[in-house]
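Chemist: below are the sequence and a predicted model; questions follow.
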Amino acid sequence: MPIINRFADWHDDIAEWRREIHAHPELQYDVHRTAAFVAERLKDFGVDEIVTGIGQTGVVGLIHGELDERTDAPRKVVGLRADMDALPIQEVRDLPYKSTVEGKMHACGHDGHTAMLLGAARYLAETRQFKGTVAVIFQPAEEGGGGGKAMVDDGMMERFGIQQVFGMHNLPGLDVGKFAITPGPMMAAADVFRIDITGKGGHAAKPHGCIDPAIVTVQLVQAIQTIVSRNAAPLDSMVVSVTQIHLGDTDNVIPQTAMVGGTVRTFSPEMRKLAQKRIHELAEHISAAFGATIEVDYELGYPVTVNHEANTVVAGDVAASIVSEEHVNRATDPMMGAEDFSYMLESRPGAFIFIGQGESAGLHHPEYDFNDEIIPYGCSYWVNLAEKTLNEAEA
């Protein structure tokens, strides 16, 4: 099935919703305005049940289709998820719908994800050409807040009887009209670390009377870089990045303390454990060598996003039905970015897919803007996926 014509007719409406959300970005769980906007649109569409406050500020809408012909069969329920939150970034492009909130912007396309799922909900509520129920899921706090976990922990899957769940994200650099997916690990686990170093401060002209945390910091940062190059096997995927170094305030004082922070990205539990172990060991021994004391805080973040094989095939088939097989990469390289849809895939079978954004600034860049040209592709994917998943006969 190609792009659904109705979405060409509704394109301006959906783009306007997207731009309204874009102009009023909200962070993490503080998405009250966006959630209210979503709930109001779902009400306008005639969605059967709208529940707010799931995982603090998430919204779930239920759209019921036909009952299964076998009256004793449980109603099928498929979940379609979009994220609503923005990022703490200052927008630099002077767009007509530029962010009205200082220091906040939709730099990852969650405004577009929300608008496309709203467009799909409008169509599904109008046509209802499926058996069972579609649960449209609008999630807060994807950007570091773990909103996906919060919704799962709030009992969303059990409460609404969701049996399969699917997610989608735009991808700059992938042409408009193309999709990319792969079975198994799709995006990495993301952990963060903070190392606090305490030395002995003093006058910069008398370093012999001090324990300089700057020296410890330099040695430690260099050593951390060897975790990937000298501890991980060459064919194992791992990224360890130091992203923060804080010490000192002036030129004539050796500071008392320093801080080193960063992130670790892995695809396997073994690599995750290795990175955590080596960071602790390196921090402990290097600090001891210079007479400093150290405190390591290593926080496990989002788990690996793992696509279930059968659901990945279905998602790829649906994408191919819209844009043709040659425009669907079914074996795309996994990415070191992280995604808290991983929690939903740990709870239920499903799959996560990338939709082409075309050439644009990268995700999390102050010049990024969601490409409204992809709206018909995304909306059509959601609708066709819901109908195929719910209407296919049981094996």
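Modeler: It's in.
Chemist: buried sites along stretch 335-352?
Modeler: For stretch 335-352, burial by neighbour count (16 or more other C-beta atoms under 10 Å) applies to 335-336, 338-345, 347-348, 350-352. Every residue, glycine included, has its C-beta placed from N, CA and C.
Chemist: look up phi and psi at residue 312.
Modeler: phi -70, psi -40 (degrees, to the nearest 10).
Chemist: what's the burial count for it?
Modeler: Residues within reach of residue 312, counting by other C-beta atoms under 10 Å, total 23.
Chemist: all numbers from here: first residue = 52
Modeler: Fine by me, first position is 52 from now on; the one you just mentioned is residue 363.
Chemist: what's near enough to touch it?
Modeler: Contacts of residue 363 were listed using C-beta atoms under 8 Å, 6 or more residues apart in numbering, and they are 232, 233, 234, 381, 402.
Chemist: doesn't residue 381 make contact with the first one?
Modeler: Right, residue 232. Yes. Contact criterion C-beta atoms under 8 Å: residue 232 and residue 381 qualify, at 6.1 Å.
Chemist: so between the two, which is more surrounded?
Modeler: Legend: neighbour count by other C-beta under 10 Å for residue 232 and residue 381, higher for residue 232 (23 against 17).
Chemist: sec struct for the closest residue to that one other than its chain neighbours, please.
Modeler: Distances taken as C-beta to C-beta, 6 or more residues apart in numbering place residue 404 nearest to residue 232, at 4.5 Å, with adjacent residues excluded. Counting by DSSP: H, G, I helix; E, B strand; the rest coil, the backbone at residue 404 sits in strand.
Chemist: before we move on, the earlier item: determine which two of the buried residues of stretch 386-403 are furthest apart.
Modeler: Across the buried residues of stretch 386-403, the longest distance by C-beta to C-beta is 24.6 Å; it joins 387 and 399.
Chemist: tell me how far the helix or strand harbouring residue 93 lies from the chain's centre.
Modeler: If you go by DSSP states H and E, residue 93 is part of helix 83-96. Its chain's C-alpha centre and that of helix 83-96 lie 22 Å apart, by C-alpha atoms, centre = their mean, to the nearest Å.
Chemist: likewise stretch 73-81?
Modeler: That offset, for stretch 73-81, works out to 15 Å (C-alpha atoms, centre = their mean).
Chemist: and stretch 375-394, by the same measure?
Modeler: 12 Å.
Chemist: got it, and stretch 383-400?
Modeler: Offset of stretch 383-400 from its chain centre (C-alpha atoms, centre = their mean): 8 Å.
Chemist: okay, domains of this structure per the record?
Modeler: 56-239+355-442, 240-350 (automatic domain parsing).
Chemist: could I get these as JSON lines with mean pLDDT?
Modeler: Formatted as JSON lines, the domains of the chain follow (pLDDT from 0 to 100):
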{"stretch": "domain 56-239+355-442", "mean pLDDT": "96"}
{"stretch": "domain 240-350", "mean pLDDT": "96"}
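Chemist: need the winner for burial among the ones you listed.
Modeler: Highest mean neighbour count among the domains of the chain (mean count of other C-beta atoms under 10 Å): domain 56-239+355-442, with a mean of 20.
Chemist: got the end-to-end distance for it?
Modeler: Its start and end residues considered, domain 56-239+355-442 measures 21 Å (C-alpha to C-alpha, to the nearest Å).
Chemist: thinking again about what came up before, what is in contact with residue 232 and residue 381 at once?
Modeler: 363, 367.
Chemist: against residue 376, how distant is residue 443?
Modeler: According to C-beta to C-beta, to the nearest Å, residue 443 stands 19 Å off from residue 376.
Chemist: for residue 189, pull up the helix or strand it's in.
Modeler: strand 184-190.
Chemist: can you state the direction angle for that strand and helix 83-96?
Modeler: For strand 184-190 against helix 83-96, the angle by axes from the mean of the first three to the mean of the last three C-alpha atoms, to 10 degrees is 160 degrees.
Chemist: ok, strand 184-190: who's next to it in the sheet?
Modeler: Using DSSP bridges, the strands paired with strand 184-190 are strand 109-115 (antiparallel), strand 128-134 (parallel).
Chemist: enumerate residues external to that strand that contact any of its residues.
Modeler: Strand 184-190 is contacted from outside by 86, 89, 93, 98, 106, 109-116, 126-135, 165, 168-169, 171-172, 175, 198-199, 202, 207, 211-213, 216, 437, 441, using C-beta under 8 Å, 6+ apart.
Chemist: ok, now stretch 263-280?
Modeler: Outside stretch 263-280, the residues that touch it by C-beta under 8 Å, 6+ apart are 246, 248-250, 289-291, 293, 296, 298-299, 305-309, 311, 313, 325-326, 329-330, 333-334, 337-338, 340-341, 343, 345.
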